[in-house]
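In: next come a sequence and a model predicted from it.
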Amino acid sequence: MRRTVIIVGGVAGGASCAARLRRLDEQARIILFERGEYISFANCGLPYSIGGVIPSRDDLLLQTPESFSRRFHVDVRIRSEVIAIDRDSKQVEVRDAVSGAVYKEKYDKLVLSPGSSPLRPPIPGIDHPSILTLWTLPDMDRIGKRLEADGATRAVIVGGGFIGVEMAENLATRGVAVTLVELTNQVMPPLDFDMAQFVHRHLAEKGVRLVLGDGVQSFGDADGDVRITLRSGRELDTNMVILSIGVSPNNALAKECGLALGARGGIVVDETLRTEDPDIYAIGDAVQVVHFVSEEKTLIPLAGPANRMGRMAADILCGLRRTYKGTQGSSVAKVFDMTAAATGLNEKNLRSMGRLIWRDYGVAILHPRSHAGYYPGGSHLALKIIYDRKGRLLGAQGVGRRGVDKRVDVLATVIRMGGTVFDLEELELGYAPPYSSAKDPVNLAGYIAGNELEGTAAFITCEELMGLDRSEVTVLDVRTGQEARAGAIPGSVHIPVDALRERVGELDRHRNTIVYCAVGVRAHTAARILMQSGFTRVLNLAGGYMSWQTYTGDYAGGE
């Protein structure tokens, strides 16, 4: 007798599971329930369809219910919502959204892929018809109507996560005046503030008005438009609002049938993606995962992990030995002409875990060129790696115009393999002048971190420098006179690196000395001179003046 596998939810996790299951088991009866009308669409492409980059809506449809059913012989039932699970009798209760009929279907194995939904907190006025979210194709259609049929020319995006930033770009590209409001002091949470500042600067350059460190108090009507009152008392009037303040797991089914949930509401599964019920599995955004680096239990709603979980669940259902080893949160986003990417842990994560800088972890920040400096078209990128005191790579972040994605992908791979910063030194990566340098930025990051761990260099971040009493330290600028006149850290002493050996007597060897240049390369040479000339404590400013200038910039709050 053939078995029946019911999959609740399509898109990344559910559709991947159904397709893989059919490839492995031609005899199984597979039923895929989807409460919406689309089982497989490119939800990550929604902002780019709104911006006109993806010209046809149909390009987002990876599989229609008909094509999916025809190819994989899956019983696809759209507009069919599973409203209850009876674990004792191993059946689900389903409501047909078209007819309203409710019926039951038995299963041998059940896979839950309910996904997540955008948060809509109980803010006064949040039900205004011009307050929209972007998560599904119908959401995209509603935003498109607001822009085209209703002629919206002003938009406020509430929330600076990936969707919020991508919508800022695509709406601005369409000529919409965009304001982005974010409760915290930065956009893009996977980045630390020092890296997010490069994104803030670029958004401001592209005309996006940033309001950071301020949240929404209430929404109100303003002759059909929306009036937003912020916690600061500031008011913003706009034609429409895009809410992008995060998502929550769709866990109601699991909760109501008694399956265990984690602290943040994710469905608890073991390393084989099985819930506490041996016949029920769960995958995707709604699942509590183990962070690959920190080993903490958390939620990481990303399309890549959801796809992999779907395939893995099918493998396990067909008797293959598979274990899910955790999610490390690798992510990348286009921000106008720049790319921002991250993987693993950031400093915010580590501080929340009680790990303080220079005790349990170190940071290397560098600004290498995307490819050989003598080959036209290169540009500086900002790259940051975080590592523990044994050199194990914990996380990486990158922001820049070119070459960011491939560097962060390499670093993500090293993290997944349990590698160290010393492994970065040894990586043999493809080199040609149009693509990289003989010492790739990834190699350079390893050299910098290795120097710190082996005691030939020590670093201080811009954040730490700002917190110091400047009267107790010497801040030494070793750039050229022309560079120093164009801008310098207030109170710094200027001695060009090429004159430092002759003028070292002008400095107090017993004071802590912080050295900086444009990006840190010349400062390392200067620091080595000082360290071997009897100076007590010498620190190189991580990322140099390029990091300082961006870190201390004010890109938000303008009218």
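Out: Nice, thanks for sending it over.

In: quick check: closest non-adjacent residue to residue 475.
Out: residue 492 (4.1 Å; C-beta to C-beta, 6 or more residues apart in numbering). Every residue, glycine included, has its C-beta placed from N, CA and C.

In: residues contacting that neighbour?
Out: 475, 476, 477, 516 (C-beta atoms under 8 Å, 6 or more residues apart in numbering).

In: check residue 35 too.
Out: 9, 79, 80, 81, 82, 97.

In: so the second one makes contact with residue 36?
Out: Yes - with contacts counted by C-beta atoms under 8 Å, residue 79 reaches residue 36, the gap being 7.2 Å.

In: distance of the residue nearest to residue 475 from residue 540?
Out: Look at residue 492 and residue 540: by C-beta to C-beta, to the nearest Å, they are 14 Å apart.

In: on that earlier part again, may I see the PyMOL selection of the buried members of the contacts of residue 35?
Out: Here is the PyMOL selection string for the buried members of the contacts of residue 35, based on 16 or more other C-beta atoms under 10 Å:
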select buried, resi 9+80+81+82
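
In: and of the contacts of residue 35, the nearest to residue 232?
Out: residue 9 (39.9 Å; C-beta to C-beta).

In: that closest one against residue 113, yeah?
Out: Yes - the pair residue 9 and residue 113 qualifies as a contact (C-beta under 8 Å) at a distance of 3.7 Å.

In: so, low pLDDT: which residues of the stretch 401-550 of the chain?
Out: Low-confidence segments of the stretch 401-550 of the chain (pLDDT under 70): none present.

In: starting at the chain centroid, how far to stretch 101-116?
Out: Remark: stretch 101-116 is offset 31 Å from the chain centroid, using C-alpha atoms, centre = their mean, to the nearest Å.

In: and that stretch, average pLDDT?
Out: Stretch 101-116 shows a mean pLDDT of 97.

In: what comes up buried for it?
Out: Buried-residue list, stretch 101-116, by 16+ other C-beta under 10 Å: 105, 107, 109, 110, 111, 112, 113, 114, 115, 116.

In: that older thread, overlap in contacts of residue 9 and residue 113?
Out: residue 284.

In: what sits against residue 243?
Out: 118, 119, 120, 126, 131, 132, 133, 158, 159.

In: mind redoing it with 6 Å?
Out: 133, 158 (C-beta atoms under 6 Å, 6 or more residues apart in numbering).

In: for it, give me the pLDDT.
Out: At residue 243, pLDDT is 97.

In: now it: phi and psi?
Out: Backbone geometry at residue 243, expressed as degrees, to the nearest 10, gives phi -80, psi 120.

In: quick check: it vs residue 224, distance?
Out: 18 Å.

In: C-terminal to the helix or strand residue 253 falls within, what's the next element?
Out: Assigned by DSSP states H and E, residue 253 belongs to helix 252-256. Next helix or strand after helix 252-256 toward the C-terminus (DSSP H and E): strand 280-282.

In: burial count for residue 36?
Out: 17 (other C-beta atoms under 10 Å).

In: tally of neighbours for the closest residue to residue 318 other than its chain neighbours?
Out: Nearest in space to residue 318, with sequence neighbours left out and distances taken as C-beta to C-beta, 6+ apart, is residue 24 at 4.2 Å. Other residues near residue 24 come to 15 when the count uses other C-beta under 10 Å.

In: and the pLDDT at residue 24?
Out: pLDDT recorded at residue 24 is 97.

In: next one: the one 4 residues further on
Out: Residue 28 is assigned a predicted lDDT (pLDDT) of 97.

In: quick check: closest non-adjacent residue to residue 36.
Out: Going by C-beta to C-beta, 6+ apart, residue 36 has residue 136 as its nearest residue, at 6.4 Å.

In: residue 167 and residue 49 touch, don't they?
Out: No - here residue 167 does not reach residue 49: they are 11.4 Å apart, not a contact under C-beta atoms under 6 Å.

In: shared neighbours of these two, which are they?
Out: Joint contacts of residue 167 and residue 49 (C-beta under 6 Å, 6+ apart) do not exist.

In: these two: which has the busier surroundings?
Out: Between residue 167 and residue 49, counting by other C-beta under 10 Å, residue 167 is the more crowded of the two (24 against 21).

In: show me where the stretch 101-250 of the chain has helices.
Out: In order along the chain, the stretch 101-250 of the chain carries the following helices (DSSP state H, counting those that start in this stretch): 137-148, 162-173, 193-205.

In: between the ones you listed, which one is closest to residue 272.
Out: helix 162-173 (29.5 Å).

In: could you pull out the strands in the stretch 451-559 of the chain for me?
Out: 459-460, 473-477, 493-494, 512-516, 538-541 (DSSP state E, counting those that start in this stretch).

In: just put those strands in TSV and tack on mean neighbour count and distance to residue 381.
Out: TSV is the format used below for the strands of the stretch 451-559 of the chain (neighbours: other C-beta atoms under 10 Å; distance: least, C-beta to C-beta, whole Å):
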stretch	mean neighbour count	distance to residue 381
strand 459-460	23	19
strand 473-477	21	23
strand 493-494	14	27
strand 512-516	25	19
strand 538-541	25	18
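
In: so which of those strands comes closest to residue 144?
Out: strand 538-541 (47.1 Å).

In: who are the packing partners of that closest one?
Out: strand 459-460, strand 512-516, helix 521-531 (3 or more C-beta pairs under 6 Å, 6 or more residues apart in numbering; DSSP states H and E).

In: redo those as JSON lines? Include distance to residue 403.
Out: JSON lines is the format used below for the helices and strands packed on strand 538-541 (distance: least, C-beta to C-beta, whole Å):
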{"stretch": "strand 459-460", "distance to residue 403": "23"}
{"stretch": "strand 512-516", "distance to residue 403": "24"}
{"stretch": "helix 521-531", "distance to residue 403": "18"}
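
In: ok, which of those comes nearest residue 276?
Out: Of these, nearest to residue 276 by C-beta to C-beta is strand 459-460, at 46.7 Å.

In: neighbouring contacts of the closest one?
Out: When contacts are defined by C-beta under 6 Å, 6+ apart, strand 459-460 is touched by residues 452, 514, 539, 540, 541, 542.

In: which residues pair with the nearest residue to the third one once chain neighbours are set aside across the strands?
Out: The shortest distance from residue 539 to any residue that is not its chain neighbour, by C-beta to C-beta, 6+ apart, is 4.2 Å, and that residue is residue 460. The bridge-partner assignment for residue 460, based on DSSP bridges, gives residue 541.

In: any idea how far residue 460 is from residue 360?
Out: From residue 460 to residue 360 the distance is 17 Å (C-beta to C-beta).

In: dihedrals phi and psi, the residue nearest to residue 36?
Out: The phi/psi pair for residue 136 (degrees, to the nearest 10) is phi -130, psi 170.

In: just give me the neighbour total for it.
Out: 19.

In: how about the contacts made by the closest residue to residue 160 other than its chain neighbours?
Out: Excluding its sequence neighbours, the residue lying closest to residue 160 (C-beta to C-beta, 6+ apart) is residue 187, at 3.1 Å. Neighbour list for residue 187: 160, 165, 196, 199 [criterion: C-beta under 6 Å, 6+ apart].
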